[in-house]
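1. would you be able to build a 3D model of this:
(2 chains)
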Amino acid sequence: MIRTKDLTFKYREHSALFEFPDIALGAGENLLVLGKSGIGKTTLLHLLAGLLYPTGGSIVIDKVPTQLLPKKQLDKFRGQNIGLVFQNNHAVQSLSVIENLKARLFFAKKAISKNIITDLLEHLDIIDCKDKKLRELSEGQRQRLGIAMGIVHRPNIILADEPTSSLDDDNCNKVMQLLIEQASVSNANLIVITHDQRIKPLFTHKLEL
Amino acid sequence: MNIWKISLKNFRFKPLYSFLGILILSVSIALLIGIQQLDRSFRHQLENNLGDIDMVVGAKGSPLQLVLASVLHIDNPTGNISFEEAKRLIKNPMVGKGVPISYGDNYKGYRIVGTTQDFPELYKARLYEGRFVQKPMEVVLGSTVAEAIGLQIGDSFQSSHGLAEKGGHDHDEPLTVVGIYQPTHKVMDRLIITGLETVWDVHHHEDDHQTNNEHIEGDVHDEETDHTEHNETESHHEGEEAHHHEEEDQQEITSMLISFRNPRALLTVPRSINENTNMQAALPKFELERLYQFTGVGVKTITWIAYAILIISCITIFISLYRMVRDRAFDLALMRSYGANTFQLIRMVAYEGFMIAGSAFIVGVLLSQIGVYFIFEMITDQYKQQMPLQLRYQELLQTAGLVGLMVLLSIALAIYPILKMNISKILSHEK
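-> Here you go, the predicted model:
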């Protein structure tokens, strides 16, 4: 459940004001946000993730008005309820695959279950590299680790920032299938922001910025 | 998984950085601790060697030389004084005890000291085996001497003339070992103790004629370099003549070690001796204080160098932590996106600093102990002086506190970028 109203943001006092259309997603509904670069896609994603405070308007996630939370509580809320999947920086370099997932659960203040982690790694087909560091993984493996990092803690909302733009068609389809599948398994909202036209047919709800 | 574990992983991720940080910090810690320990052991050893000696009376000359020669047994004596005149000093009611000592010979570099039964008592020395000296030509060995030259009770040896190991001629009369002292960890351990009569007997035929100080100083000087054949024959010739004129009141000693009964004597007695007799009185504590003033400059310089290295190493730690914060900005921002708060990230960086500082401290203490051990070994070999190793908790804590403070300061500076971190900006520039 996510609802935004009259959401605006500006980086500095005199810089341009971003104005975003209202979003209203019920349980389990997915959204594709399309737009050219520089139009504020990532800004919107960061606002929804609680990485930025909006200049105006409101964001309500599962009945919690996140823009009103103090910084530390917002960190906690983000850790527990939001899963972020990035285009490139998928995990912490100094930690191995399994340590990354443990750290993700630790910061989300959720129980660290080895079974959940192994099941997920098996499902994403990266169980063989569980003890490898990020730099030892292939691009495809990294992307899958990125997805694992976004969903291991069973978030209510999965936010993906250009998850497919550096992938070929084959991998693009696999990644999107995994994301949509994992979102529906945990009944989470999946919001993907992209300029990648290939994934347009996969979504019923779309928003053009 | 917790913050400590993540810090540990970070610490191991760039082992070269961590290693360099530890290396430079541990060297400065080792220097600081080592210098403190050496300085204190050196002072302690010197002061310990004073035993109960408050004042030393000897021939006129340098008071420091008198103290070094007669109390620490590391320099040549200033000359001889008349035993009769020295004995008169003990009659002063403020003087508790007067112990005469007389030098002349050595055996394999260990000095043979002619003295009375009171001498070992100054150092509270106990016999390990055997008995005390009862007759002339009997000796009791200090523990270091016994260990080093391996003589047993009943063994005899021939002493060499002079105080230096080489350059003197051997005397004909053999000395017999009758006892060995327990270790005192004081200067006595490296002395060979005998009666005053032994020294007189050994030398009566050759240097009893040396009543004026200049001659003796000249003699000592010769011993330091080389006894020329000419000098020796002359010495023998004159000595044999003098032998027949020997009288009790002509007996000489090198110096008289004196302990006071009353501390007020420190103010009056030395002055009256220096003014009214042709002997000189020196206060060992005062002279050693003067000595520290000379050696202290070196110790201070090295200490300041160690502090400078400490500051440099803390700057190194600061730079490596700061670089870590900058280089891993993405990682730190990612962790924020996982729900980590600013304080957790600060702890992560701080723990990494503590790990470097902690390991450096352990390595530094070990390094200092190894270094100090080898320096002591060298000193023991060179000066035949035992120095007990000791490392005080207080000093250790003081150094630890100082290092901790410096590291805290570097951490505080290094975490600044975390406080100012704009996660959104870092993550959106991920490409």
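
2. check which helix or strand covers the nearest residue to B:Trp4 once chain neighbours are set aside.
-> Of all residues not flanking B:Trp4 in the chain, B:Tyr351 sits nearest, at 5.8 Å (C-beta to C-beta, 6 or more residues apart in numbering or on different chains). To be clear about C-beta, it is placed using only N, CA and C from the backbone, and glycine gets the same treatment. Here B:Tyr351, judged by DSSP states H and E, is contained in helix B:342-383.

3. buried set for the very next helix or strand once past that helix?
-> Downstream of helix B:342-383, the first helix or strand assigned by DSSP H and E is helix B:393-414. Residues of helix B:393-414 classed as buried by neighbour count (16 or more other C-beta atoms under 10 Å in any protein chain shown): B:396, B:399-400, B:403, B:406-407, B:410-411, B:414.

4. show me what helix B:393-414 is packed against.
-> helix B:15-49, helix B:284-327, helix B:342-383 (3 or more C-beta pairs under 8 Å, 6 or more residues apart in numbering or on different chains; DSSP states H and E).

5. show me what contacts residue 152?
-> Defaulting to chain A. A:83, A:101, A:104-105, A:116-117, A:120 (C-beta atoms under 8 Å, 6 or more residues apart in numbering or on different chains).

6. was after chain B, sorry
-> B:Val177.

7. any idea how far B:Val177 is from it?
-> Between B:Gln152 and B:Val177 the computed distance is 7 Å (C-beta to C-beta, to the nearest Å).

8. got it, and B:His161?
-> Taken as C-beta to C-beta, the span from B:His161 to B:Val177 is 19 Å.

9. domain-wise, how is chain B divided?
-> Domain assignment for chain B by automatic domain parsing gives B:3-46+B:292-428, B:55-282.

10. what comes up buried for stretch A:200-209?
-> For stretch A:200-209, by 16+ other C-beta under 10 Å, it's A:203, A:207, A:209.

11. dump it to CSV, keeping only the CA atoms.
-> C-alpha atoms of stretch A:200-209 as CSV (Å, rounded to 0.1, in the frame of the first residue of the first chain):
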residue,chain,number,x,y,z
LYS,A,200,6.7,-1.9,-20.7
PRO,A,201,4.4,-4.8,-21.6
LEU,A,202,5.0,-6.4,-18.2
PHE,A,203,3.1,-3.8,-16.3
THR,A,204,-0.5,-2.8,-16.2
HIS,A,205,0.0,0.4,-14.1
LYS,A,206,2.3,2.9,-15.8
LEU,A,207,3.3,6.4,-15.0
GLU,A,208,5.0,8.7,-17.6
LEU,A,209,7.0,11.6,-16.1
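
12. and that stretch, how far out from the chain's middle?
-> 16 Å (C-alpha atoms, centre = their mean, to the nearest Å).

13. re earlier: between helix B:15-49 and the helix holding B:Tyr351, find me the angle.
-> 40 degrees (axes from the mean of the first three to the mean of the last three C-alpha atoms, to 10 degrees).

14. quick one: helix B:342-383 to helix B:393-414, angle?
-> Using the same axes, to 10 degrees: helix B:342-383 against helix B:393-414 is 140 degrees.

15. on contacts alone, who are the packing partners of helix B:342-383?
-> Packed next to helix B:342-383, using 3+ C-beta pairs under 8 Å, 6+ apart, are helix B:3-13, helix B:15-49, helix B:284-327, helix B:329-337, helix B:393-414, helix B:416-419.

16. and the angle from that helix to helix B:329-337?
-> 130 degrees.

17. in which helix or strand does the closest residue to chain B within chain A reside?
-> Per C-beta to the nearest C-beta, A:Gly79 is where chain A lies closest to chain B, at 1.5 Å. Using DSSP H and E, A:Gly79 sits in helix A:71-81.

18. next: B:Leu175.
-> strand B:170-181.

19. could I get the full set of helices for chain A?
-> Using DSSP state H, the helices of chain A run over A:41-49, A:71-81, A:97-107, A:114-123, A:139-151, A:169-185.

20. around chain A, which positions in chain B sit nearby?
-> B:1-2, B:5-6, B:9-10, B:12-13, B:328, B:330-331, B:334-342, B:344, B:423-424, B:427-428, B:430-431 (C-beta under 8 Å from any C-beta of the partner chain).

21. report the buried members of those.
-> Members of the residues of chain B next to chain A classed as buried by 16+ other C-beta under 10 Å are B:1, B:6, B:9-10, B:13, B:328, B:330-331, B:334-342, B:344, B:423-424, B:427-428, B:430.

22. what sits against A:Leu209?
-> A:20-21, A:33-35, A:39-41, A:44.

23. buried ones in the longest strand anywhere in chain A?
-> In terms of residue count, the longest strand belonging to chain A (DSSP state E) is strand A:2-9. When neighbours are counted by 16+ other C-beta under 10 Å, the buried residues of strand A:2-9 are found to be A:2-4, A:7, A:9.

24. same question for stretch B:313-325.
-> Counting neighbours by 16+ other C-beta under 10 Å, stretch B:313-325 gives B:313-314, B:316-318, B:320-322, B:324-325 as buried.

25. including pLDDT, could the residues you listed go into a markdown table?
-> Formatted as a markdown table, these follow (pLDDT from 0 to 100):
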| residue | pLDDT |
| --- | --- |
| B:Ser313 | 80 |
| B:Cys314 | 82 |
| B:Thr316 | 81 |
| B:Ile317 | 80 |
| B:Phe318 | 85 |
| B:Ser320 | 80 |
| B:Leu321 | 82 |
| B:Tyr322 | 86 |
| B:Met324 | 80 |
| B:Val325 | 84 |
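
26. hmm, back to that, from A:Lys102, how far off is the residue of chain A closest to chain B?
-> In terms of C-beta to C-beta, A:Gly79 sits 14 Å off from A:Lys102.

27. between the two, which one's more packed in?
-> The residue with more neighbours, out of A:Gly79 and A:Lys102, is A:Gly79; 26 against 21, by other C-beta atoms under 10 Å in any protein chain shown.
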